[in-house]
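Undergrad: No sequence on hand, only this structure:
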C-alpha cells in the first residue's frame, strides 16, 4: 500500500499566521489528497491534487506537489482557531488506502 | 443528504464478548473501509471492500471480521480474539467527487470501550 508520512507531527502557531505541513511518499501516485480531522470526529476531505498538477488552491488552502521529490505541502493562510485539527495526506494509487500519523495543528487565539 | 451512518456512537463491552459496529452508506459507493484510531495516533486500516461480496484484509485485520452482503452496508465485528479493542473506529466509502477523482467520505465514528 502507498502511505504518506506527514511532517511535522505537531505544529503550534498564533491566529493569523500561516501553517505549512508536508507529506512524503515512496511510490508513484495518481493523486494526493489532504484531509482534516477535528478531535473525536471523522475525517473530512479538503483538497485533491493530481499527479500532473503542481499547485492547487481552494480558499485559504494551497497545496503543492513535487513528484520528482515525492512530496506535497499544504499551506493554510491566515489561520484561525477553528483550523485547530489533525491533518492527514492520502496517496491515491490503488484501493488499499492507508494514512500516516498526521500533523496536529494548534492555532492559538 | 447522502452520507455514512455509523452506530452506535458509543459502545461498552465486557471482555470476551463479540460486538458488531454498523456502517451504512447511501452514496452508492462501491468501495468501503474500516479504520481504527488510538488516542493521538493516525488511522490504521482494518478491512476494505472494493465491491459487494468481496473484501480484503488491511494492516491490522487480526481479531476482526467483516461482511459485505449489500452495497450499502459494511458491518465490522470485533471478536474476543482482538486483544486490545478499546479504540475509535471509523468507516468510510470511496466515491467520485468531481472530475473523475475518488475521495473518501467518513462516518462520525464509533467509540468502543472494553471494561
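TA: Done, it's in. Note that this is a predicted model, so its numbers are computed, not measured.
Undergrad: what is the mean pLDDT for stretch B:56-73?
TA: The average pLDDT for stretch B:56-73 rounds to 97.
Undergrad: Check stretch B:78-91 too.
TA: Stretch B:78-91 comes out at a mean pLDDT of 94.
Undergrad: And that stretch, end to end?
TA: The first residue of stretch B:78-91 is 14 Å away from its last residue (CA to CA, to the nearest Å).
Undergrad: Just give me how far that stretch sits from the chain centre.
TA: Computed by CA atoms, centre = their mean, to the nearest Å, the chain-centroid distance of stretch B:78-91 equals 10 Å.
Undergrad: what's in contact with it?
TA: Under the contact criterion CB atoms under 8 Å, 6 or more residues apart in numbering or on different chains, stretch B:78-91 has outside partners A:40, A:42-43, B:4, B:6, B:13, B:15-21, B:23, B:32-38, B:43, B:46, B:62-65, B:74, B:76, B:106-107, B:109-114. In short, each C-beta sits where N, CA and C put it, glycine included.
Undergrad: buried subset of those?
TA: If you count burial by 16 or more other CB atoms under 10 Å in any protein chain shown, the buried members of those come out as A:42-43, B:4, B:6, B:13, B:19, B:21, B:23, B:32-37, B:43, B:46, B:64-65, B:74, B:76, B:106-107, B:109-110, B:112, B:114.
Undergrad: Show only the entries of those residues found in strands.
TA: Among those, DSSP state E puts A:43, B:4, B:6, B:13, B:19, B:21, B:23, B:32-37, B:43, B:46, B:64-65, B:76, B:106, B:110, B:112, B:114 in strands.
Undergrad: So for the closest residue to chain A within chain B, what's the nearest residue that isn't a sequence neighbour?
TA: Nearest residue of chain B to chain A: residue B:106, at 3.3 Å (CB to the nearest CB). Of all residues beyond its chain neighbours, the one nearest residue B:106 is residue A:42 (3.3 Å), with distances taken as CB to CB, 6 or more residues apart in numbering or on different chains.
Undergrad: before we move on, what about residue B:5?
TA: Nearest residue to residue B:5, sequence neighbours excluded (CB to CB, 6+ apart): residue B:24, at 4.8 Å.
Undergrad: For the one you found, list the residues it contacts.
TA: Applying CB under 8 Å, 6+ apart, we find residue B:24 in contact with B:4-5, B:72-73.
Undergrad: next one: residue B:3
TA: Neighbouring residues of residue B:3 by CB under 8 Å, 6+ apart: B:25-27, B:105, B:107.
Undergrad: and chain B, which of its residues are near chain A?
TA: Residues of chain B lying close to chain A by CB under 8 Å from any CB of the partner chain are B:4, B:31, B:33, B:35, B:40-45, B:48, B:50, B:56, B:58-59, B:88, B:90, B:92, B:94, B:97, B:101-109, B:111.
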